[in-house]
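No letters, just coordinates:
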Ligand code: FES
Ligand SMILES: [Fe+2]
């Protein structure tokens, strides 16, 4: 984030604190319950959002060295990302060209990728190198049976992939100006501290929804984080289908005594970037937490959540590990046992079919934007235009 942005956001936050106000949507939104419960709608989401849009896969530190790889099973196609000997990151469909077995699971490092089924071997660039008993495959050209590449990018310390071999990736177009904010965080220097995987009985959008308003802090988080934030105060800005929402720590009052050139808005807020479609990227002042969420088992009421905590420098001392462990514990306790537990209960209510819509208030502008972005992308409408919400 540039200093000019630190200043403008801080000014907006202080003005809201003084006036007892918050950023607002133009109107109350009626949000269709079916988008959380309907099998056909989920199928349409999977065919569009999880097939045609760049998915955030993590920071570069997840695969820093040649031969490092990571896989992802829950997008439209299985994904394998590999860093090559030339330092380039490449992505492939994680399917052997013999009979389709995944070449690798989870993450790790390999000199080459030997299929666990019948031992076809590929190099880090996805080229098929060895077919055991090749005489049994007459006429099969190894050169024509490389792993199928996927469009991917590594930019400003972030890894992206589109799970569609026929797509092209254009991050500048997708991020719609948000890349400038992200680039200024110097994410290439961050280290991965810890990851968790959670399977929960809620629609994949529900865990995202929880990050997109501060209206619930005073009640749902009264025993955890409510005391450190201003209640019912958010700053919302849209970037095409993506958004930035800042909730404001009470410590921001100290900036009133500092020169604007020193204002650090990030340190006195929690900033949730919703990286469309399925990631919430939370800058927490001194570290980063990401929540990547996918539908699970083709069920509208099931999701898999990947939580990752990244820190600005490797945690090498016991003191540092204790500090970051406490941060991870607070994140999991707040989000999983308070926010997501609530979403599971809400999902059950939605599945009862008693109501066909719920309400999103004007004080929940980021949530409204996310829901409208999903709707417009699934329906194939033009990307959301910039809206005046202040
Ligand atoms: S499926 Fe990979 S070698 Fe047979
Ligand atoms: Fe929350």
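Everything's here; your move. No experiment lies behind these values; they were computed from the predicted model shown. Ligands and ions are numbered 1, 2, ... in the order given.

how close does the residue sitting nearest the centre point of the chain sit to residue 180?
The C-alpha lying nearest the average C-alpha coordinate of the chain belongs to residue 279 (CA atoms, centre = their mean; 1.7 Å). From residue 279 across to residue 180, the span is 18 Å (CB to CB, to the nearest Å). C-beta coordinates here come from the backbone N, C-alpha and C atoms, glycine included.

which ones are touching residue 311?
190-191, 193, 287-288, 320, 324 (CB atoms under 8 Å, 6 or more residues apart in numbering).

Buried ones among these?
190-191, 193, 287-288, 324 (16 or more other CB atoms under 10 Å).

continuing past the top strand by length along the chain, what's the next helix or strand?
Longest strand of the chain, by residue count under DSSP state E: strand 299-311. Downstream of strand 299-311, the next assigned helix or strand under DSSP states H and E is helix 318-334.

Report the angle between the helix or strand that comes right after that next one and strand 299-311.
Counting by DSSP H and E, the element after helix 318-334 in chain order, helix or strand, is helix 341-351. Orientation check (axes from the mean of the first three to the mean of the last three CA atoms, to 10 degrees): helix 341-351 against strand 299-311 gives 160 degrees.

So which elements touch helix 341-351?
Applying 3 or more CB pairs under 8 Å, 6 or more residues apart in numbering; DSSP states H and E, one finds that helix 341-351 contacts helix 34-37, helix 206-209.

Now residue 145. Nearest residue, chain neighbours left out?
residue 97 (4.1 Å; CB to CB, 6 or more residues apart in numbering).

what's the burial count for residue 271?
22 (other CB atoms under 10 Å).

That one contacts residue 243, correct?
No - counting by CB atoms under 8 Å, residue 271 does not reach residue 243; the two are 10.7 Å apart.

Next up, the contacts around residue 301.
Residue 301 neighbours (CB under 8 Å, 6+ apart): 36-37, 201-203, 347, 351.

Put the buried members of the residues you listed into a PyMOL selection.
Of these, the buried ones can be selected in PyMOL as follows, counting by 16+ other CB under 10 Å:
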select buried, resi 36+37+201+202+203+347
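
Buried residues in stretch 142-155, which are they?
Quick answer for stretch 142-155 (16+ other CB under 10 Å): 142, 145-147, 150-155.

gap between the two ends of it?
One end of stretch 142-155 sits 32 Å from the other (CA to CA, to the nearest Å).

what mean pLDDT would you report for that stretch?
What stretch 142-155 shows for mean pLDDT is 98.

Show me the contact partners of it.
Outside stretch 142-155, the residues that reach it (CB under 8 Å, 6+ apart) are 54, 60, 77, 79-81, 88-93, 95, 97, 103, 113, 122, 126-129, 131, 159-165, 167-169, 171, 179.

Helices - which of the buried ones among the contacts of residue 311 land there?
If you go by DSSP state H, the buried ones among the contacts of residue 311 have residue 324 in helices.

Can you name the residues that contact the residue of the chain found nearest ligand 2?
Nearest residue of the chain to ligand 2 (CB to the ion) works out as residue 339 at 4.1 Å. Residue 339 makes contact with 207, 210-211, 220, according to CB under 8 Å, 6+ apart.

Apply 10 Å and report the result again.
By CB atoms under 10 Å, 6 or more residues apart in numbering, residue 339 lies in contact with 206-207, 209-211, 216, 220-221, 224.

How about residue 3?
Residue 3 sits in contact with 184, 260-265, where contact means CB under 10 Å, 6+ apart.

thinking again about what came up before, please indicate which of the contacts of residue 339 has the highest neighbour count?
Highest neighbour count within the contacts of residue 339, by other CB under 10 Å: residue 207, with 25 neighbours.

All good on my end, thank you.
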